[in-house]
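# Structure for this input, please:
(2 chains)
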Amino acid sequence: ELKVEQNPLFLSMQEGKNYTIYCNYSTTSDRLYWYRQDPGKSLESLFVLLSNGAVKQEGRLMASLDTKARLSTLHITAAVHDLSATYFCAVGTSFGNEKLTFGTGTRLTIIP
Amino acid sequence: DAGVIQSPRHEVTEMGQEVTLRCKPISGHNSLFWYRQTMMRGLELLIYFNNNVPIDDSGMPEDRFSAKMPNASFSTLKIQPSEPRDSAVYFCASSSRTGSSYEQYFGPGTRLTVT
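Numbers count the residues shown, from 1 in each chain, chains lettered A, B, ... in the order given. The predicted model follows:
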């Protein structure tokens, strides 16, 4: 059974600082996704990572994937308050199967 | 595009009543997913359909839950009878097989409260 672990679960950081959220998964996968969820809202897709070494960046967020280590990271650069949200990683099991397993989420709070 | 549409957005019902949640996927998407989100259990996949056919229903908690997709533009998730432990936010998501992405797009969710 595929298990997806995120850490930390909670993260408070000051504006302007850098930090990284980690996503580990237990079995081979060819697809990894990052989503953002604001309180009381739905999930918004941020990044899709489909190959080893894939790196994608959008604004102050950068995601990377190391399939050999079964690890993805979401790096936040010079955090701003607008980035406060819960971030989820989700892992696909195998090609042809669209099922995703979600991590527990990381609740990020940016403090002015 | 209107995105994934869910109704109702909020539902409050009494234990024992039947509850029906509805979902309209993004036009052209051929896969549809039902998820449940709670503080205790996080985000769980209940069932997913491809081309209107149920592919994986291993996450459906028990026989009180059923889901249908009679056509490409409509799906329902039914709970009968409902129980307080069913209280959660239920999300519908859809995707299409564009390349190998399978990126899922989520609806706004239905917040269900069973008293």
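# From here on, just use CA atoms for contacts and neighbour counts.
Will do.
# wait, what's in contact with whatever residue of chain B ends up closest to chain A?
Residue of chain B nearest chain A, by C-alpha to the nearest C-alpha: B:P108 (5.0 Å). Residues counted as contacts of B:P108 (C-alpha atoms under 8 Å, 6 or more residues apart in numbering or on different chains) are A:41-42, B:4-6, B:9, B:91.
# right, and A:S45 touches A:Y35 too?
Yes - using C-alpha atoms under 8 Å, A:S45 makes contact with A:Y35 at a distance of 4.6 Å.
# Any stretches of the chain with poor pLDDT?
Assuming you mean chain A. Applying pLDDT under 70 to chain A flags residues A:94-96.
# meant chain B, my bad for not saying
For chain B, the ranges with pLDDT under 70 are B:1, B:98-100.
# tell me which parts of it are close to chain A?
B:42-45, B:48, B:91, B:100-109 (C-alpha under 8 Å from any C-alpha of the partner chain).
# same thing but at 10 Å, please
By the rule C-alpha under 10 Å from any C-alpha of the partner chain, the part of chain B lying against chain A is B:31-33, B:39-45, B:47-50, B:55-56, B:89, B:91-93, B:95-97, B:100-111.
# Which among those count as buried?
Applying 16 or more other C-alpha atoms under 10 Å in any protein chain shown to the residues of chain B next to chain A, the neighbour count classes B:31-33, B:43-45, B:47-50, B:56, B:89, B:91-93, B:95-96, B:101-111 as buried.
# Among those, which ones are in strands?
Cross-referencing these against strands under DSSP state E gives B:31-33, B:43-45, B:47-50, B:56, B:89, B:91-93, B:95, B:105-106, B:110-111.
# wait, doesn't A:T28 sit right on A:K68?
Yes - at 8.3 Å, A:T28 counts as touching A:K68 under the criterion of C-alpha atoms under 10 Å.
# Of those two, which one has the most company?
Higher neighbour count among A:T28 and A:K68: A:T28, with 15 against 10, using other C-alpha atoms under 10 Å in any protein chain shown.
# So for A:V55, what's the nearest residue that isn't a sequence neighbour?
Excluding its sequence neighbours, the residue lying closest to A:V55 (C-alpha to C-alpha, 6 or more residues apart in numbering or on different chains) is A:S64, at 4.4 Å.
# Now do the one you found against chain B, distance only.
16 Å (C-alpha to the nearest C-alpha, to the nearest Å).
# Tell me who's in contact with that residue.
A:S64 sits next to A:32, A:47-49, A:51-57, A:71-75 when contact means C-alpha atoms under 10 Å, 6 or more residues apart in numbering or on different chains.
# Now compare the residues you listed and name the two farthest from each other.
A:S51 and A:H75 (17.9 Å; C-alpha to C-alpha).
# quick one, which of the two is more surrounded?
Using other C-alpha under 10 Å as the criterion, A:S51 and A:H75 rank with A:H75 on top: 18 against 15.
# All set, thanks.
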